[in-house]
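Q: here you go, sequence then predicted model.
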Amino acid sequence: MDKQKALGKQRTRRRFRVRKRTRGDAERPRLCVTRSHRNIGVQVIDDETGRTLASASTLDKQLSGQVKYGGNAEAAAAVGKAIAERATAAGVKEVCFDRGPYKFHGRVAALAEAAREGGLQF
């Protein structure tokens, strides 16, 4: 089997395994991570109403000026700080972390650590 197909199947299995346990509600919304090679983004989502309460990405105008390249751990940490500020402004203190199909390592871990330092609890 092609290596890319195998990795895709692993990601699909991991995403379903993580998402079936992670559910966001009004009191504790879901912090969802989206990662690509060049950028990283997060959303705070209330799954009961289907609303996005706060979001941050390296593609935002505010963050793109601070970050030289969006695909490294420094950029992920900047996004983590930004989402913590925006979520607390929206009245969210506790979230459940949804890493999706990505392993908790590198950029995803840096984002989570910066969000915790910014005041979010998971």
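A: Nice, thanks for sending it over.

Q: longest helix in the chain, please.
A: Identified as the longest helix of the chain according to DSSP state H is helix 3-21.

Q: buried residues, the next helix or strand after that helix. List them.
A: Remark: after helix 3-21, the chain's next helix or strand is strand 30-35, criterion DSSP states H and E. Buried residues in strand 30-35, counted by 16 or more other C-beta atoms under 10 Å: Arg30, Leu31, Cys32, Val33, Arg35. Bear in mind the C-beta positions are built from the backbone N, C-alpha and C, glycine included.

Q: which one of the residues you listed is nearest Thr88?
A: Nearest to Thr88 among the buried residues of strand 30-35, counting by C-beta to C-beta, is Leu31 at 12.6 Å.

Q: quick one: contacts for the closest residue in space to that closest one that isn't next to it in sequence?
A: Distances taken as C-beta to C-beta, 6 or more residues apart in numbering place Val95 nearest to Leu31, at 4.2 Å, with adjacent residues excluded. Contacts for Val95 (C-beta atoms under 8 Å, 6 or more residues apart in numbering) come out as Gly24, Arg28, Pro29, Arg30, Leu31, Val44, Ala87, Leu120, Gln121, Phe122.
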